[in-house]
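Colleague: this one's sequence-less:
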């Protein structure tokens, strides 16, 4: 009898456990939602894979966004600064960028003067380093051969000024120049370095290495675009202190047998009249003029009797004169810029034609 009771109790307990188990796997009623455990990443992926038996959403699916093109890493943007050499020393073909200038080290080599009065001392030779300089800033920039110092095996070397393409120019924004610096060095020097001062106030300098006769093959590209508001011959310009009459611009020839343009160049002479319209003295100087042919700086030349030179005009006084520059043959755009000799003088652009 007890055995039968035990069997019945065991059977009843088994039925109860089975009912509990069935209730846990298939919950019903409101608690079926509220008591559901939070989804994990794994369960979300599993449910996403299962077919959805609910009514389909009849709204149009969003179109996939087009893939954005990957940036081209082969060509850097135009305004990307040129990387400095790893050792901080510049060699032929390298490009130096300062806050306002981009300087390309084009070539180096031995220079032989054809002037009988310019000869190096015994055991020495003349060398050159040629550079292409661009004003990439928003202010005027000056580049000068006085900013370069040469050392041969650690010893100072003298500058040589007998060449006709020395590197010196005043560049307004966007203008360029090509020129060289020259030095007299010992022929047997093992290492020749040229220091260039890029910041006088911070005493910051970089080094260019002389590499013998070497050419990078770099060819400057001229900018033939004309300045939109440039003045033409016959125009009159008035500033706070001057009335400037632009008289003419024309090709000229030198009657001095010792003053001739370089091969492939010619002279262009610009004529002006200046009147002091202020109540104080005004200085007018040839040094206030800069000439650019296809954007590149041109050298001034002084062989005419009517060169402006430098004059001081008292109020109401006038002067006439010319400025002459050596311009490459075939230049498409020739312009002269005049900057008043004052702290905030603006540049005035005069086109040749």
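Modeller: On my side now, so go ahead. Note that the structure is a prediction, hence the values are computed from the model and not measured. Numbering: from 1, shown residues only.
Colleague: in stretch 89-97, which of the residues would be classed as buried?
Modeller: The neighbour-count check on stretch 89-97 (16 or more other C-beta atoms under 10 Å) flags 90, 91, 92, 94, 95, 96, 97 as buried. All C-beta spots, glycine's among them, are computed from the backbone N, C-alpha and C.
Colleague: just stretch 308-317 next, same as before
Modeller: Along stretch 308-317, these residues count as buried under the neighbour rule (16+ other C-beta under 10 Å): 308, 313.
Colleague: chain center to that stretch: distance?
Modeller: 38 Å (C-alpha atoms, centre = their mean, to the nearest Å).
Colleague: check what contacts it and list those residues.
Modeller: Outside stretch 308-317, the residues that touch it by C-beta atoms under 8 Å, 6 or more residues apart in numbering are 272, 274-287, 289, 319, 321-323.
Colleague: again, only this time at 7 Å
Modeller: Stretch 308-317 is contacted by residues 274, 276, 278-286, 319, 321-323 when judged by C-beta atoms under 7 Å, 6 or more residues apart in numbering.
Colleague: just stretch 84-100 next, same as before
Modeller: 81-82, 102-105, 107-108, 135-137, 139, 141, 198, 206-209, 211, 214, 216.
Colleague: ok, now stretch 253-262?
Modeller: For stretch 253-262, contacts defined as C-beta under 7 Å, 6+ apart pick out 164, 267, 301, 303, 326.
Colleague: can you give me the strands for the stretch 51-200 of the chain?
Modeller: Taking DSSP state E, counting those that start in this stretch as the test, the strands found in the stretch 51-200 of the chain are 89-90, 95-97, 101-111, 124-135, 141-143, 148-152, 155-156, 158-159, 169-171, 176-186, 192-199.
Colleague: off-centre distance for the last one?
Modeller: Right, strand 192-199. Taking C-alpha atoms, centre = their mean, one finds the center of strand 192-199 at 19 Å from the center of the full chain.
Colleague: going by contacts, tell me the helices and strands next to it.
Modeller: strand 148-152, strand 204-209 (3 or more C-beta pairs under 7 Å, 6 or more residues apart in numbering; DSSP states H and E).
Colleague: how much space between residue 224 and residue 337?
Modeller: To residue 337, residue 224 is 17 Å away according to C-beta to C-beta, to the nearest Å.
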